[in-house]
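>>> Quick one, what's the 3D model for this:
(2 chains)
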Amino acid sequence: GENVEQHPSTLSVQEGDSAVIKCTYSDSASNYFPWYKQELGKGPQLIIDIRSNVGEKKDQRIAVTLNKTAKHFSLHITETQPEDSAVYFCATQITSGSRLTFGEGTQLTVNP
Amino acid sequence: GAVVSQHPSWVICKSGTSVKIECRSLDFQATTMFWYRQFPKQSLMLMATSNEGSKATYEQGVEKDKFLINHASLTLSTLTVTSAHPEDSSFYICSANSDYEQYFGPGTRLTVT
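Residues are numbered from 1 along each chain as shown, chains lettered A, B, ... in the order given. All right, here's what the predicted structure looks like:
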């Protein structure tokens, strides 16, 4: 089955700096790659996603890049703010409506 | 945007009792919903896939007789934890598919005393 590895497990940055979280996956059939933000005691919130026919997608301060050949994708957050502090999960999906396979999560802390 | 709700947000029950958690897609129809369990500082663990009008598909190691799932309509799935024990205490989260995207509920904190 699919295996998703996420790094780093913890990341601490200063406010205004950039943060990058990377994920690698094993199943070349995966074609949908969402990123979720989870705040303490809450459910995961979809923040950005990318499909396999696209190499990069950007939404304001957040961007995701995908390298299908190398089977890895990354989340980039620029101009970080304290409210960006949360756990971030990457995930993969093979077909629409099917299960997601999650990475282990990254605890991002943005220090004021 | 797509919104998924869960009820209750938290519940405390005594060992041996049953607890029902509801998951609703508020502004879209979901033929498939998922139930997850999450322990502190860990990732989400898929428990089962719930399909409207059919039996749920459980992940390996998840007791289907203990975690009863019903998906009676395109907007509602329920998870019933039967004969709860303290080790069932956890954060339970549901999600629903809207096309490719999967949206999550706010979670239910279950504490079994």
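>>> Any stretches of chain B with poor pLDDT?
B:1 (pLDDT under 70).
>>> Not counting its neighbours along the chain, what's nearest the residue of chain B found nearest chain A?
Here chain B gets closest to chain A at one residue, residue B:104, 4.0 Å apart by C-beta to the nearest C-beta. Where you see a C-beta, it was placed from the backbone N, CA and C, and this is true even at glycine. Computed as C-beta to C-beta, 6 or more residues apart in numbering or on different chains, the closest residue to residue B:104 that is not its neighbour in sequence is residue A:43, at 4.0 Å.
>>> which residues does the one you found contact?
Counting by C-beta atoms under 8 Å, 6 or more residues apart in numbering or on different chains, residue A:43 touches B:4, B:6, B:93, B:95, B:104-107.
>>> So it: helix, strand or coil?
In three-state terms, and counting by DSSP: H, G, I helix; E, B strand; the rest coil, residue A:43 is coil.
>>> Now do the buried residues in stretch A:81-95.
For stretch A:81-95, the neighbour count (16 or more other C-beta atoms under 10 Å in any protein chain shown) marks A:84-93 as buried.
>>> wait, stretch A:48-64
Residues of stretch A:48-64 classed as buried by neighbour count (16+ other C-beta under 10 Å): A:48-50, A:62-64.
>>> Tell me the one of the residues you listed nearest chain B?
Of these, the one sitting nearest to chain B (C-beta to the nearest C-beta) turns out to be residue A:49, at 6.7 Å.
>>> The closest one and residue A:59 touch, don't they?
No - between residue A:49 and residue A:59 there is no contact under C-beta atoms under 8 Å: 9.8 Å.
>>> Contacts for stretch B:54-72, please.
B:33, B:35, B:45-53, B:77-83, B:88.
>>> Could I get the CA-only coordinates of it as PDB?
Extracted as PDB, the C-alpha positions of stretch B:54-72 are listed here (Å, rounded to 0.1, in the frame of the first residue of the first chain):
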ATOM      1  CA  SER B  54     -24.200   0.000   2.100                       C
ATOM      2  CA  LYS B  55     -22.100  -1.600   4.800                       C
ATOM      3  CA  ALA B  56     -19.000   0.200   6.000                       C
ATOM      4  CA  THR B  57     -15.500  -1.100   5.100                       C
ATOM      5  CA  TYR B  58     -13.400  -1.400   8.200                       C
ATOM      6  CA  GLU B  59      -9.600  -1.200   8.400                       C
ATOM      7  CA  GLN B  60      -7.600  -4.100   9.600                       C
ATOM      8  CA  GLY B  61      -7.700  -4.300  13.400                       C
ATOM      9  CA  VAL B  62     -10.800  -2.300  13.900                       C
ATOM     10  CA  GLU B  63     -13.600  -4.200  15.500                       C
ATOM     11  CA  LYS B  64     -16.800  -3.700  13.400                       C
ATOM     12  CA  ASP B  65     -19.000  -5.000  16.200                       C
ATOM     13  CA  LYS B  66     -17.600  -2.400  18.600                       C
ATOM     14  CA  PHE B  67     -17.500   0.500  16.200                       C
ATOM     15  CA  LEU B  68     -20.900   0.500  14.500                       C
ATOM     16  CA  ILE B  69     -21.200   2.800  11.500                       C
ATOM     17  CA  ASN B  70     -24.400   3.700   9.700                       C
ATOM     18  CA  HIS B  71     -24.600   5.900   6.600                       C
ATOM     19  CA  ALA B  72     -28.300   6.300   6.200                       C
END
